[in-house]
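Undergrad: generate coordinates for the sequence data below:
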Amino acid sequence: MGEVLLSIFAGFIVGMLFSAIKLPIPAPPVLSGVMGIVGVYLGGISYQWIVERFFTG
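TA: Here you go, the predicted model:
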């Protein structure tokens, strides 16, 4: 849970900094972009699970 809170805090600071210096926010602006990131993360986790489950002895 601590990692999640630190991640949210870091994202908040980055968002404020980018807004303060008038740059576009470095994040997907719509839900589909966020879901794409979640999909990439889940794909990576799934690959690790499959390799550990079926290909390590």
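Undergrad: drop to CA atoms for contacts and neighbour counts, all remaining ones
TA: OK.
Undergrad: in this structure, which helix or strand is least confident?
TA: helix 2-20 (a mean of 87; mean pLDDT, DSSP states H and E).
Undergrad: which of the residues in it are buried?
TA: Gly15 (16 or more other CA atoms under 10 Å).
Undergrad: contact partners of that helix?
TA: With CA atoms under 8 Å, 6 or more residues apart in numbering as the test, helix 2-20 has contacts from Pro24, Ile25, Pro26.
Undergrad: go with 6 Å
TA: Outside helix 2-20, the residues within contact range by CA atoms under 6 Å, 6 or more residues apart in numbering are Ile25.
Undergrad: next structured bit after it?
TA: Remark: after helix 2-20, the chain's next helix or strand is helix 31-54, criterion DSSP states H and E.
Undergrad: show me how far that following helix is from its chain's centre.
TA: Chain-centre distance of helix 31-54: 11 Å, with CA atoms, centre = their mean, to the nearest Å.
Undergrad: send me that helix as PDB with only the CA atoms.
TA: Output in PDB follows, covering the C-alpha atoms of helix 31-54 (Å, rounded to 0.1, in the frame of the first residue of the first chain):
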ATOM      1  CA  LEU A  31      -9.600   6.300 -19.800                       C
ATOM      2  CA  SER A  32      -8.600   4.100 -22.800                       C
ATOM      3  CA  GLY A  33      -5.000   5.300 -22.400                       C
ATOM      4  CA  VAL A  34      -5.000   4.400 -18.700                       C
ATOM      5  CA  MET A  35      -6.500   1.000 -19.500                       C
ATOM      6  CA  GLY A  36      -3.700   0.400 -22.100                       C
ATOM      7  CA  ILE A  37      -1.100   1.000 -19.400                       C
ATOM      8  CA  VAL A  38      -3.000  -1.400 -17.000                       C
ATOM      9  CA  GLY A  39      -3.000  -4.000 -19.900                       C
ATOM     10  CA  VAL A  40       0.700  -3.700 -20.400                       C
ATOM     11  CA  TYR A  41       1.300  -4.200 -16.700                       C
ATOM     12  CA  LEU A  42      -1.000  -7.200 -16.500                       C
ATOM     13  CA  GLY A  43       0.600  -8.700 -19.500                       C
ATOM     14  CA  GLY A  44       4.000  -8.400 -17.900                       C
ATOM     15  CA  ILE A  45       2.800 -10.000 -14.700                       C
ATOM     16  CA  SER A  46       1.000 -12.800 -16.600                       C
ATOM     17  CA  TYR A  47       4.200 -13.600 -18.600                       C
ATOM     18  CA  GLN A  48       6.200 -13.900 -15.400                       C
ATOM     19  CA  TRP A  49       3.600 -16.200 -13.900                       C
ATOM     20  CA  ILE A  50       3.400 -18.400 -17.000                       C
ATOM     21  CA  VAL A  51       7.200 -18.700 -17.200                       C
ATOM     22  CA  GLU A  52       7.500 -19.600 -13.500                       C
ATOM     23  CA  ARG A  53       4.500 -22.000 -13.600                       C
ATOM     24  CA  PHE A  54       5.300 -23.900 -16.800                       C
END
